[in-house]
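> Build me a model:
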Amino acid sequence: MVSPHILDTYIHLEKEIVREERTAPAPALSHSLGRVDDLAIDLEAAQQRLSRFARTPSGANDESLREVLIDLGVDKSPDVAAEHEEFIANINRQALAQNEVDILSRRLEEAEEEVKMLTSKVNFLQGLYQQQDTLLEFDLVQIEAGARHTGRKEPDRLAGRSQTDWQEGARQTDRKEPDRLTGRSQTD
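As a prediction, this is how the structure comes out:
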């Protein structure tokens, strides 16, 4: 028989498991791990594209690039702008590639955080299942121990009963009492 405490604990664990399973952390974790892999591949490709561009001098920023373009006179003369069109296009491509790397890096970090959170949820859920299994194993051990204990008494009780029946039978024959079924004495 299951003790009320074990039953209450089991029901509590089962409710927690149901609550945690509603969010389906294992499939979500699998999906997030795939997303991390995809983002890592995309980030590596974006970094390779960025590395093809000539490195901008260290400390260069949007303001210094704007000053270079003004110094070249690109903003005043369409002819000068046409002459430096490839230079401007390369600066734009490099800026776009850098933005792509930055965005993919942030998305990868977010996906990795999500994986950590989901891993924690999956581990918690696995812990609940392990607690439940341990509780069931403990209960089975208790039941088996009780059965063994009861099982030892049962053969003794049955043996005593069979001895009593045998002894009663022997007495009946010694007294030559009538058989209860036929009504005749056993010597007849």
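
> how about the helices of the protein, start to end?
4-22, 25-51, 62-72, 78-83, 85-175 (DSSP state H).

> Using JSON lines, lay out the ones you listed together with mean neighbour count and mean pLDDT.
From N, CA and C alone the C-beta is placed, and that goes for glycine too. Output for the helices of the chain, formatted as JSON lines (neighbours: other Cβ atoms under 10 Å; pLDDT from 0 to 100):
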{"stretch": "helix 4-22", "mean neighbour count": "13", "mean pLDDT": "90"}
{"stretch": "helix 25-51", "mean neighbour count": "15", "mean pLDDT": "95"}
{"stretch": "helix 62-72", "mean neighbour count": "12", "mean pLDDT": "74"}
{"stretch": "helix 78-83", "mean neighbour count": "12", "mean pLDDT": "78"}
{"stretch": "helix 85-175", "mean neighbour count": "13", "mean pLDDT": "75"}
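
> Tell me how far Q126 lies from S105.
Distance, Q126 to S105, by Cβ to Cβ, to the nearest Å: 31 Å.

> ugh, wrong one, I meant N92
N92 is 20 Å from S105, where distance means Cβ to Cβ.

> for L72, same thing?
Computed with Cβ to Cβ, the distance linking L72 and S105 is 32 Å.

> Check L29 too.
22 Å.

> again, but for R35
14 Å.

> can you pull the contacts of I70?
By Cβ atoms under 8 Å, 6 or more residues apart in numbering, the contact list for I70 is empty.

> same thing but at 10 Å, please
Residues counted as contacts of I70 (Cβ atoms under 10 Å, 6 or more residues apart in numbering) are K76.

> what do you get for P25?
32, 117-126 are the contacts of P25 under Cβ under 10 Å, 6+ apart.

> Now do the contacts for the residue nearest to it when sequence neighbours are not counted.
Of all residues not flanking P25 in the chain, K121 sits nearest, at 3.9 Å (Cβ to Cβ, 6 or more residues apart in numbering). Neighbouring residues of K121 by Cβ under 10 Å, 6+ apart: 20, 23-26, 28-29.

> I'd like these as CSV, with distance to I11 appended.
Below are the contacts of K121 laid out as CSV (distance: Cβ to Cβ, whole Å):
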residue, distance to I11
E20, 15
T23, 21
A24, 22
P25, 22
A26, 23
A28, 26
L29, 27
